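**Student:** just the structure for this:
(chains A, B, C, D, E and F)
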Number of protein chains: 4
Amino acid sequence: MPKLGMEPIRRAALVKATIAQIGETGSLDVTVAQIAKRAGMSSALAHHYFGGKEQIFLAAMRHTMTVYGAEVRGALLMAPDPESRLQAIIRAGFGPANFRPEVIAAWLNFYVLARTNKDAARLLSIYHARLRSNLLFNLRPLVGPRAREAAERLAGLIDGLYLREGLSADARDGKSAVALVLQSLDLELAGQGAT
Amino acid sequence: MPKLGMEPIRRAALVKATIAQIGETGSLDVTVAQIAKRAGMSSALAHHYFGGKEQIFLAAMRHTMTVYGAEVRGALLMAPDPESRLQAIIRAGFGPANFRPEVIAAWLNFYVLARTNKDAARLLSIYHARLRSNLLFNLRPLVGPRAREAAERLAGLIDGLYLREGLSADARDGKSAVALVLQSLDLELAGQGAT
Amino acid sequence: MPKLGMEPIRRAALVKATIAQIGETGSLDVTVAQIAKRAGMSSALAHHYFGGKEQIFLAAMRHTMTVYGAEVRGALLMAPDPESRLQAIIRAGFGPANFRPEVIAAWLNFYVLARTNKDAARLLSIYHARLRSNLLFNLRPLVGPRAREAAERLAGLIDGLYLREGLSADARDGKSAVALVLQSLDLELAGQGAT
Amino acid sequence: MPKLGMEPIRRAALVKATIAQIGETGSLDVTVAQIAKRAGMSSALAHHYFGGKEQIFLAAMRHTMTVYGAEVRGALLMAPDPESRLQAIIRAGFGPANFRPEVIAAWLNFYVLARTNKDAARLLSIYHARLRSNLLFNLRPLVGPRAREAAERLAGLIDGLYLREGLSADARDGKSAVALVLQSLDLELAGQGAT
DNA sequence: AATGAATGAGGATTCATTCAT
DNA sequence: GATGAATGAATCCTCATTCAT
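**Tutor:** Numbering: from 1, shown residues only, chains lettered A, B, ... in the order given. Have a look, this model is predicted:
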């Protein structure tokens, strides 16, 4: 029962299925057939719409980052001052949309893909840069010249805990990770005069 | 000309070749044939010694962790007090033996493998536990009850920067990462009275 | 905006596109989608009009032969005597309409297709017969009983040089080929008394 | 039951099977699986030994030309004078080893492949050059300055009749083709003084 | 101990063809 | 009349793994 205007629907379904399948398989060894089946179509159609496996992955990567970016932006809008904006940034990464097993697996996937694929590498570096700059912008008024290093540290801590907790056997809900990073933020802000 | 006692030599060669190949390929898609060729033997022999591809990977993983563990232990021996021991732990992860492209790629590999393979997961959790406990043990006398969380934060920061810097396009030498973590350590220690 | 009476236009466009595509690809591996796109329509429509890929090929074959046949007939009309008619036949095959890379590739295509497809084989044998009979009819008054063999030879030489020169890397314009065949014709005519 | 030194045997079997399969199918659409099955092995092994489908085709092409070349050389050795050498060259192409349906189909295959594949094109041009030079060398002492064109004509006639008769529905044995070319040779030699 | 030989299973990709709109 | 949607079937190729020697 072919309908018109299916393309965006199919693409979205494939992207969603890709992330789900990576989450379920727990590794990169997902086949186009698996993804397509999960998205309710033939693998041929998946190729028709995306051109190839890597492009499907890239689309999933883009989607994941878009979701993350939207979450961050949304949270930033409602935060009145730098400190609460920093907290919002920290919370966004561990929110329910981003800190789910499938999404975590997808991120890991992308880290790997970024080592081989130029587009993936570019996408990942965009994420890196954006997180860094978001932190930096809001740290500057609070810690002045130490902002750059503080941003680097907070970014590293966010990514590190995301992986450490996300990949650990007992899946947590991200709350403890958020708490840890927030304390680090406190330390950075308090350490202002000390160093 | 088959010789006696070749087994350990062959196994070591395969482990080394595995890490090198993962580093060169930049991804997990390395074949047994590639590894075996690099190690100077037939793929059949690789199977003969290890039984299968996953076991070769696991052996490489074990080796990587052993090297890391030895580096940490060695550094700890020469450090007289808790603070210098903490610094030694931090430095070990970014030392020349561990912070090389191949080894970084191997670690990423292991993260992924750990999502599928029980043994790999166990191995990885051992690493996690060991790093946490090493930090904890030396933080306790310095920050008392806050040691647990400080250890978690430092561990997360180490892993996060390892990935962030290790996977970034412009390969650094680890020095800046070490400096960042050391500063975090200072903050944790200075933050003692504050919180 | 579908119009009435589009069928002949669409069919002609597809035939033309088929030959062009075979010429461009340089091989038989042209897809219906390529042809249809080149003809400015969907592949579904191409099927609608022709029924299938082979029939598209056959139509292109028929067209090629029709063009060739028309060229020969036209040339024959203007030739007053047997000898000049023979020369006209020879020239026709290497004229600008037939001796172009695309058309040569199409012919080769048809040779191959004729091994599998009955209709193609019939079509090809019609070409063979027509060339032979055209030559024979005009040779008979000139060389008498030797006409049959002379016709066979001239036909073989035409086809052979068409392939040899047409497929050679350095595309020629067919003039040298024509000259060679014309000399052969002279030899056949001169050899009259000799044998 | 794996044995040692199978490679040359396997390769030869695949080459033979390729030609046979092309002959049977009558077209280029032969699959590696078909070839491999006919040669008594898995398609994987065929890939292992040749690397890919095109290389299998090329090997078959090379073999076909080698056989042809050997036939020509052998015939030349036993011919005492230029004229009989020319006759030997003509006969070789239509001998039982070369003028069989499979081999003819293979040649047609090569013509097509040569339009796409560099190596095939080179191989084909070697054949062209060799035939031309063989004819030329032996025509020179007989027809002097007209040798070049005579060689071109005879080469064209050989190829043309090979295709025309080889591809015609009623498979002939090549005798009539040889007779036709030999008469052309006579005409060329007799035409000496005439033109 | 060591390897060339061999394959089965699977995976990405392509394509002619069909169908509802 | 025309097309986007959709797929089954096929094809090339890869690879881990096994086995006889």
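**Student:** how many residues are close by A:Thr18?
**Tutor:** A:Thr18: 31 surrounding residues under other C-beta atoms under 10 Å in any protein chain shown. Yep, even glycine has a C-beta here, placed from its N, CA and C like the rest.
**Student:** apart from its chain neighbours, what residue comes closest to it?
**Tutor:** Spatial nearest neighbour of A:Thr18, excluding adjacent residues (C-beta to C-beta, 6 or more residues apart in numbering or on different chains): A:Ala60 at 4.0 Å.
**Student:** dump the residue contacts of the one you found.
**Tutor:** For A:Ala60, the residues meeting the contact criterion (C-beta atoms under 8 Å, 6 or more residues apart in numbering or on different chains) are A:Val15, A:Thr18, A:Ile19, A:Ile22, A:Ala106.
**Student:** the second one touches A:Leu58, doesn't it?
**Tutor:** Looking back up the chat, that one is A:Thr18. No. A:Thr18 is beyond contact range of A:Leu58, at 10.0 Å (criterion: C-beta atoms under 8 Å).
**Student:** if we can go back for a sec, could you work out the most separated pair of the contacts of A:Ala60?
**Tutor:** A:Val15 and A:Ile22 (11.2 Å; C-beta to C-beta).
**Student:** more neighbours: which of those two?
**Tutor:** A:Ile22 (28 against 22).
**Student:** so A:Ala17 makes contact with A:Thr31?
**Tutor:** No. A:Ala17 lies out of contact with A:Thr31 (C-beta under 8 Å); the separation is 11.7 Å.
**Student:** comparing the two, which residue is more hemmed in?
**Tutor:** Neighbour count, other C-beta under 10 Å: between A:Ala17 and A:Thr31, A:Ala17 has more, with 22 against 12.
**Student:** pLDDT at that one, what is it?
**Tutor:** Looking at A:Ala17, its pLDDT is 97.
**Student:** and it, how far from A:Leu4?
**Tutor:** Separation of A:Ala17 from A:Leu4 (C-beta to C-beta, to the nearest Å) stands at 22 Å.
**Student:** kindly report the same for A:Glu102.
**Tutor:** A:Glu102 is 31 Å from A:Leu4, where distance means C-beta to C-beta.
**Student:** and these two? Which one has more around it.
**Tutor:** Shown here are A:Glu102 and A:Leu4; by other C-beta under 10 Å, A:Glu102 has more neighbours (17 against 5).
**Student:** quickly find the element holding the more buried one.
**Tutor:** Applying DSSP states H and E as the criterion places A:Glu102 in helix A:101-116.
**Student:** list the helices and strands the next helix or strand after that helix packs on?
**Tutor:** Using DSSP H and E, the helix or strand that follows helix A:101-116 in sequence is helix A:118-143. On a contact count with 3 or more C-beta pairs under 8 Å, 6 or more residues apart in numbering or on different chains; DSSP states H and E, helix A:118-143 meets helix A:53-77, helix A:82-93, helix A:101-116, helix A:147-167, helix A:175-194.
**Student:** number of nearby residues for A:Ile158?
**Tutor:** Around A:Ile158 there are 26 residues (other C-beta under 10 Å).
**Student:** what does the pLDDT read for it?
**Tutor:** 96.
**Student:** was I right about it contacting A:Val181?
**Tutor:** Yes. With contacts counted by C-beta under 8 Å, A:Ile158 reaches A:Val181, the gap being 5.9 Å.
**Student:** okay, and the common contacts of the two?
**Tutor:** Common contacts of A:Ile158 and A:Val181 (C-beta under 8 Å, 6+ apart): A:Ile90.
**Student:** and A:Leu182, how close does it get to chain D?
**Tutor:** Per C-beta to the nearest C-beta, to the nearest Å, A:Leu182 is found 57 Å from chain D.
**Student:** I'd say that residue and A:Ile89 touch.
**Tutor:** No. Counting by C-beta under 8 Å, no contact exists between A:Leu182 and A:Ile89, whose distance comes to 10.8 Å.
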